[in-house]
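Engineer: With the input below, show me the fold.
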Amino acid sequence: MPLARSRHWIAGATLVAVLAACQRQPAVSVNVPGIPIYPGAQLEQVLNDEDRDPTEFYVVARTAASTVHDWYVREMRARQWLPTTDEVQEVILYTDPQGCWAAVSVVQDGADVNLQVSQQRPGTPCTVVPTLDPGDD
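Structural biologist: Numbers count the residues shown, from 1 in each chain. Have a look, this model is predicted:
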């Protein structure tokens, strides 16, 4: 392959790889800023008033709940959110190192997935709850 064609092919392959990586990046919510949004999720409703914690509702079309659920388990841990409930449930509660909480709900609805993300209201004090050794009573 001539050098010029080789360079064009490499440049083209690099562009395709970069565009593919960008499409897989999770969205970032202004309303629930600490929680990643599953790529391709479509925002359906926003709840954000002084009486509620910020919450958003999404639909992920033609996707299995297990795919979205597993993605959240990985992504939340990568952002230092640790589960405080069993990670196999439809709703998983998380806490961050400062003791703030978040929740992610993933429910299959026919061929689609209903996704709900919520986070502790900004300005609300976070409380670190120490975990006990299972042998301590």
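
Engineer: how deep is residue 121 tucked in, by neighbour count?
Structural biologist: If you count neighbours by other Cβ atoms under 10 Å, residue 121 ends up with 14. Bear in mind the C-beta positions are built from the backbone N, C-alpha and C, glycine included.

Engineer: pretty sure it belongs to a helix, no?
Structural biologist: No - using DSSP: H, G, I helix; E, B strand; the rest coil, the assignment for residue 121 is coil, not a helix.

Engineer: Tell me if I'm right that it and residue 52 touch.
Structural biologist: Yes - when contacts are counted by Cβ atoms under 8 Å, residue 121 is listed as touching residue 52 (7.5 Å).

Engineer: list the contacts for the residue most central in space within the chain?
Structural biologist: The chain has residue 36 as the residue nearest its centroid, 3.4 Å off, counting by Cα atoms, centre = their mean. Each residue near residue 36 by Cβ atoms under 8 Å, 6 or more residues apart in numbering is listed here: 26-28, 72, 75-76, 79.

Engineer: What's the ChimeraX line that selects buried ones from those residues?
Structural biologist: Here is the ChimeraX command that selects only those of the contacts of residue 36 that count as buried (16 or more other Cβ atoms under 10 Å):
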select :26,72,75,76
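
Engineer: Including pLDDT, could the contacts of residue 36 go into a markdown table?
Structural biologist: Output for the contacts of residue 36, formatted as a markdown table (pLDDT from 0 to 100):
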| residue | pLDDT |
| --- | --- |
| 26 | 76 |
| 27 | 83 |
| 28 | 79 |
| 72 | 97 |
| 75 | 96 |
| 76 | 96 |
| 79 | 94 |
